[in-house]
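Colleague: Generate a structure from the sequence data that follows.
(3 chains)
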Amino acid sequence: MRAGLRRVIQLVIVVLCVSFFSFFLLQLVPGDPVTSIVGFSSPADHKAIAHELHLDQPLVTQYWHWLSGFVHGNLGQVYYGPTGRGKVSTLIGQSLPVSLQLMAYAMILTLLIAIPLGVFAAYRAGTIFDRIANATAFGSIALPDFALALVLSYWVGVKLRWVPSSGYTHPSDDLVKHFKTMVLPSTSLAVGQIAAYMRLLRSDMISTLQEDYILMAKSKGIPNRRVLWRHALRPSSLTTLTVAGLNIGALIGGAVVVEVIFGIPGMGQLLFTAIFERQFVEIQSIVALIAIGYVLVNFFIDLLYAFVDPRIRDARAAL
Amino acid sequence: MVATITNLTPGGPPVVPDESLTYVVPRTKRIGIGGWLAIGWLVIMMLGIIILPFVLHNPSSAGTLASKGIFKVPGHPLGGDGNGNDMLLELAKGGRNSLIVAVGAVLFGLIFGGSLGLIAGYFRGKLDTGLTSIFNVLLAIPQFVLALSLVSVLAANGVNSQGAPQPATFTRRLVVLVIALGIVSIPILARITRANSLQWSQREFVLAARAQGASNLRIMWREILPNVAPAMFSIALLGIAVAMVAEGGLSILGAGVQGGYSWGNIIATGRGQFQTTPHIVFEPVVCIFLTVLSINYVGDIVRARFDVRESTL
Amino acid sequence: MATRLRARHHLTIASAMLAFALVAGACSSGGSGKSGNGGKSTTPSTSNAKPKEGGSMTFALEAETTGGWCLPEAQLAAGGIQVARAIYDTLTVPDSKGDYIPFLAQSVTPSADYKTWTIKIRPGIKFQDGTDLTGQVVKDNLDEYTGLTDSTNLLLRFNFDQVKDVKLVDAMTVAVNTKIPWVSFPSHLYGYGRVGIAAEAQLKAGKNCFKTMIGTGPFAFKGDWQVNDHLTVVKNPNYWRKDKFGQQLPYLDKLTFIPVTDPSRLTSGLQTKLYDLATTDSTDVINDLSSAHTNGTLNWDQDSKYPEITYAIFNTTKAPFDNINARKAYAWAVNSQEYNQIRQHGLQQRAYGPFGANVLGYVPLSGYPAGEIPPPTGDTTKAKAFAASYKQDTGQNLSFTYTTASDSSSLQSAQLIASYMKKAGITMSIKQEEQSANINDVIAGSYQVSGWRNHPGFDPDDQWVWWHCADTQTPAVNDPKLNEKHIADPGPPVNGNNCDNLVNFSHFNDSKINKDLTTGRENPDPAARKAAYEDLNLEFTKQVWEAWGYYSIWTIPEQTNVNGVLGPNLPTATNANAVGNAPFPGLTSGTDVSGLWKS
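Modeller: You can find the predicted model right below:
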């Protein structure tokens, strides 16, 4: 219980630090932030915007304003010239679901392929199949996902014209078109993940398969398939869970580039546009949101892990 | 949480702790055919980067090579880019900047991350807790997003006295890129250094040195660092590959070294005419892939030799 | 202090004028049919098949209009104008011959001295919010456009700066009084298609004006706008126009505009039928789509006769381009034929003046004195000679900085130009910046030469604002006596930086050009206008005020089941149905989407 409390406190501290970092990004912009954001403005407009951003106040006050705004869902504004305004929260509200879709598809694809492949490679460790799978995985890890995205968009999108090489359709508009536009981006993201999960699962399964209880189950005459899927996979999947958090970090980063390459209007595209249009307030909010989301995901994976495996929970509490 | 080497590739798969390379990289200390191929590519690439810019020349008329594909024009095996420059020459010039960024970033990370990790591992206690939590915070932001936001803000255009935006110069962008990717690699390098220093600082010869009244600095420099170095360098090697990929991703997002060459930049530039002249995009992609593959392979061999366990991170 | 204020004045005003001017991706834009059929529609969009009602389409545009559509102050490029034309109507429109005919207006008639234009409003038209189109609304709109009510609204004021006032004559009639005889005033009521008439509710919406679009146009905006993703408009069931069969316009129920900035994404989206139609001037896209067009899987409409011009804009107030030899050296150094092959897939036509083939003032090649225009392949020897003359004049080697937008295509174009300069012994460095920064630099005059795109092919009087310049010595235009004298005796051209016109970005002050522009604006005789604009064209060539590049050619690629792209025929004064002249074939200001239908 005390360990739990300690971790919540740790979580809060990390979230605060991350949010301060995001907030501090605007301070790092060379030159005058207001001019950087809106370009030219009359002195009155300039002053008004500086006030709006609390730039006329001490740093700590600025942070407090920013943080309390953030907590209350006020993610700041995008500036279209000195007078035009848009809400960052609206933009994020539109983009976030798209990114979540993309990442969910990539995850589903990853698990659907990596688990059977990993299990089978472990079961057939040392065979040709295993070697090929392993070498392919090793190669895939060296293939950046933007490279894969470019290759896929050229061969599948441009040459074969099976699906659009870029663009996005909302699922509510046309479900078939939606999946067509999402196939290549999710595949680009999934391949590296598949390689990582597959290799991990394989090595873990190999050692699990050496365990006594597996040998026992085998000797009892339980069919191989059942031993593999029911007895061996479950403990091995725990290890997979431990790296899931980190992999999600890689997934988020990958989604940024892949969304831009395929023209998917998600958070990555939003961040890209924000950088291009010098919407630094928007950049702050997007980075903060992504980082906090990532921290939370890792926190819950940790909790889940401890929950699933009591031994770990106890061991960690002792740490 | 079991820490592993995270990865700042844009979504590149993380390098997982793993004994499973048995069938790819033999866990013996032999280099093997694959190893020699990997080393071969790295050597050829380095030589190319150094020599080719002096040897190759663009044709006198831009029209002869513009958008020409592979093996279409004699004497220019890799074809030309959109403006009629020899692609091989472009790749050599681009590789130089890509390598400068990647190596520079990792050196930056090694110097700062390495010394912080050394301090944390050697002194332990509150200092260690403090530094470790800083590393954790840095790791709490997805690495590529962290690098992207740093570059976008630091390399943003300045504003001149009349309020007109002034673009960041090429050198400035290069430095910013090195620093941003360097900052990102700090926590990773710091953590491996710390983990190893923790072990070594308890060894007899360190205790002996301390008993003889050697200063902390001297012990860290003379006794611990030499022992920790192999682990640091094997991870740094991986870091170079990772930084190279990150540079590519950033360039595609327009946050790379603009106005100069790099592999990522060639990709970004070629994307406009992707349909008609895909070779402009695919050639640098292949370069990045082969380089990263080779570095990963060599890195595995190095780790096997020095018996570096990533799981000690 | 004065200079500072002035600089800021420059920026505020002129950044608003970007409505029309755009940095050309160093001529990355443009494209004409390889087949040389430019200007002719290749789609059977004018067939007699009875259009089918209903359905929806996705229309890809080259860019998002982040600033929205508060028309009097909006910055609209081609994509923005296309959206505006779906929601709003203008008082006049050009017809198939480029003549301006009344549209929302029933008649637009000048007084005998051309100093009063009386606009009678077509009766029975309603805005999308149900309010009536009246003389008062039109007056309020024009007051906004001319900056008469709101002095902070500086956008289109320059275009209308010779409007004295706008008066309401009766409930449905408005009179515009001008300071000078203004023969071509109806073209300004169209204003590249962007002078749409908005409902009172939008004009009064204040800060929300930019996203409260209410017009009389064929499609109504219902708030469905996600910046950088899509903007959807739905059928305006009470639209005032019907087609020639008497069927209500528009045909479509829904039209979705999607900004697609990445050329490869646009190409792919069209190939895979993600988009029904698009507007583009990217030669990369046109080239990539040409095989689909040839084998009939994709149609397109294309226009090269009413084009914009891509060119290198010189700052003639600053060294080195305040010297004519420097400008000539630049113009002669570029191998425009090779450049066209390398950068534009050989698709664009070389421009020798600011007017396209069907635009008033166009001068065919034979009209130019020999040796006055750079040959297609450039002439390195001559460029070197001009550079040497420059050195003689100034004692300096010719070197300069070329400013360009930061996209990859623009950069490549700039690099190619640099290689031509190098061959002629001229040093060119490249300054790359974001497009908005590039535009701002040109506006502020802190550039030497930059890639640029402007001067859409309508009535040349529309270009007055970009080229006219009266320095302090020039008599005021409303003093007829002095003015006559000035016209009779044009002094030598000056590189004037005390120009009264802040959007003449090159800052030349050429009395011949000033005189020609005045003639073109004031003289009702078409022959005299033609002669004046041809003279202006030749003067540009003689002084090399700009290094003309290419005619940009806008293309509308469309799926084979898309019909009616150019829009239905125009109404007449007495009949609102499509029984009048055919629509304007130029595409720089988009098309009339009311006629779109899917078969």
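
Colleague: measure A:Ala137 to C:Asp89 for me?
Modeller: 61 Å (Cβ to Cβ, to the nearest Å). From N, CA and C alone the C-beta is placed, and that goes for glycine too.

Colleague: And A:Ala274, by the same measure?
Modeller: Following Cβ to Cβ, the distance that separates A:Ala274 from C:Asp89 is 35 Å.

Colleague: Between the two, point out the one with more neighbours.
Modeller: C:Asp89 (26 against 23; other Cβ atoms under 10 Å in any protein chain shown).

Colleague: mind listing what that one touches?
Modeller: Residues near C:Asp89 by Cβ atoms under 8 Å, 6 or more residues apart in numbering or on different chains: C:Phe103, C:Leu104, C:Gly196, C:Ile197, C:Gly215, C:Thr216, C:Gly217.

Colleague: Phi, psi for the last one please.
Modeller: When quoted as degrees, to the nearest 10, the phi and psi of C:Gly217 stand at phi -70, psi 180.

Colleague: need the contact list for it.
Modeller: Per Cβ under 8 Å, 6+ apart, neighbours of C:Gly217: C:Arg85, C:Ala86, C:Ile87, C:Tyr88, C:Asp89, C:Gln128, C:Gly196, C:Asn236, C:Tyr239, C:Ser594.

Colleague: how much space is there between it and B:Phe108?
Modeller: Counting by Cβ to Cβ - C:Gly217 and B:Phe108 are separated by 57 Å.

Colleague: again, but for C:Gly67
Modeller: C:Gly67 is 41 Å from B:Phe108, by Cβ to Cβ.

Colleague: do B:Val137 as well
Modeller: In terms of Cβ to Cβ, B:Val137 sits 19 Å off from B:Phe108.

Colleague: C:Thr216 now?
Modeller: On the measure of Cβ to Cβ, C:Thr216 and B:Phe108 end up 61 Å apart.

Colleague: between these two, who's got more neighbours?
Modeller: Neighbours per residue (other Cβ under 10 Å) separate C:Thr216 from B:Phe108, with C:Thr216 holding more: 29 against 21.

Colleague: wait, doesn't that one sit right on C:Gln202?
Modeller: No: here C:Thr216 does not reach C:Gln202: they are 11.5 Å apart, not a contact under Cβ atoms under 8 Å.

Colleague: and residue 134, what helix or strand is that in?
Modeller: Going with chain A. Assigned by DSSP states H and E, A:Asn134 belongs to helix A:128-142.

Colleague: Sorry, I should have been clearer: chain B.
Modeller: Applying DSSP H and E, one finds B:Ile134 within helix B:125-139.

Colleague: Return the set of buried residues in that helix.
Modeller: Across helix B:125-139, burial judged by 16 or more other Cβ atoms under 10 Å in any protein chain shown covers B:Asp128, B:Leu131, B:Thr132, B:Phe135, B:Asn136, B:Val137, B:Leu138, B:Leu139.

Colleague: so does it get close to chain A?
Modeller: Yes: Helix B:125-139 lies within reach of chain A by Cβ under 8 Å from any Cβ of the partner chain, at B:Ser133, B:Asn136, B:Val137.

Colleague: Take these and lay them out in a markdown table including pLDDT.
Modeller: Converted to a markdown table, these look like this (pLDDT from 0 to 100):
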| residue | pLDDT |
| --- | --- |
| B:Ser133 | 83 |
| B:Asn136 | 81 |
| B:Val137 | 82 |
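
Colleague: Provide the secondary structure category for C:Val169.
Modeller: With DSSP: H, G, I helix; E, B strand; the rest coil as the basis, C:Val169 sits in strand.

Colleague: Over to the one 5 residues further on?
Modeller: Look at C:Val174: counting by three-state DSSP, its state is strand.

Colleague: Report the contact partners of it.
Modeller: C:Val174 neighbours (Cβ under 8 Å, 6+ apart): C:Thr118, C:Ile119, C:Ile121, C:Gly135, C:Val138, C:Lys139, C:Leu142, C:Val166, C:Lys167, C:Leu168.

Colleague: Which helix or which strand is home to the nearest residue to A:Thr239 once chain neighbours are set aside?
Modeller: The spatial neighbour of A:Thr239 that comes closest, neighbours along the chain excluded (Cβ to Cβ, 6 or more residues apart in numbering or on different chains), is A:Asp204 at 4.5 Å. Using DSSP H and E, A:Asp204 sits in helix A:175-209.

Colleague: Report the distance from that helix to the chain centre.
Modeller: In terms of Cα atoms, centre = their mean, to the nearest Å, the centre of helix A:175-209 is set 14 Å apart from its chain centre.

Colleague: tell me the angle of the helix or strand that that helix is followed by relative to helix A:175-209?
Modeller: Tracing the chain past helix A:175-209, the next element assigned as helix or strand by DSSP H and E is helix A:212-219. Angle of helix A:212-219 versus helix A:175-209, following axes from the mean of the first three to the mean of the last three Cα atoms, to 10 degrees, is 100 degrees.

Colleague: Only the buried residues of helix A:212-219, if you could.
Modeller: A:Ile214, A:Ala217.

Colleague: which outside residues touch it?
Modeller: A:Thr208, A:Asn224, A:Val227, A:His231, A:Ala232.

Colleague: pLDDT and secondary structure for those residues - can I get that in a markdown table?
Modeller: A markdown table is the format used below for those (pLDDT from 0 to 100; DSSP: H, G, I helix; E, B strand; the rest coil):
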| residue | pLDDT | secondary structure |
| --- | --- | --- |
| A:Thr208 | 82 | helix |
| A:Asn224 | 79 | helix |
| A:Val227 | 80 | helix |
| A:His231 | 78 | helix |
| A:Ala232 | 79 | helix |
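
Colleague: Of those - the most surrounded one?
Modeller: Ranking the contacts of helix A:212-219 using other Cβ under 10 Å puts A:Ala232 first, with 23 neighbours.

Colleague: Report the mean confidence score over stretch C:277-284.
Modeller: Across stretch C:277-284, the average pLDDT comes to 92.

Colleague: So is it next to chain A?
Modeller: No: figure legend: stretch C:277-284 not in contact with chain A (Cβ under 8 Å from any Cβ); closest approach 11.6 Å.

Colleague: Tell me how many other residues surround the closest residue to chain C within the stretch 1-150 of chain B.
Modeller: In the stretch 1-150 of chain B, the residue that lies nearest chain C is B:Ala66 (4.2 Å; Cβ to the nearest Cβ). The number of residues packed near B:Ala66 is 22, by other Cβ under 10 Å.

Colleague: Residues of the stretch 201-313 of chain B that sit close to chain C?
Modeller: B:Gly254, B:Gln258, B:Gly259, B:Ala268, B:Thr269, B:Gly270, B:Arg271, B:Gly272, B:Gln273, B:Phe274, B:Gln275, B:Thr276.

Colleague: and which of the buried residues of helix B:125-139 is nearest to chain A?
Modeller: B:Val137 (4.3 Å).

Colleague: any idea how far that closest one lies from A:Phe20?
Modeller: 9 Å.

Colleague: Now do the helix or strand containing C:Ala527, average pLDDT.
Modeller: Element membership for C:Ala527 (DSSP H and E) is helix C:526-543. Mean pLDDT, helix C:526-543: 94.

Colleague: Over to stretch A:42-59?
Modeller: Stretch A:42-59 comes out at a mean pLDDT of 84.

Colleague: Can you give me the first-to-last residue distance of that stretch?
Modeller: In stretch A:42-59, first residue to last residue: 25 Å (Cα to Cα, to the nearest Å).
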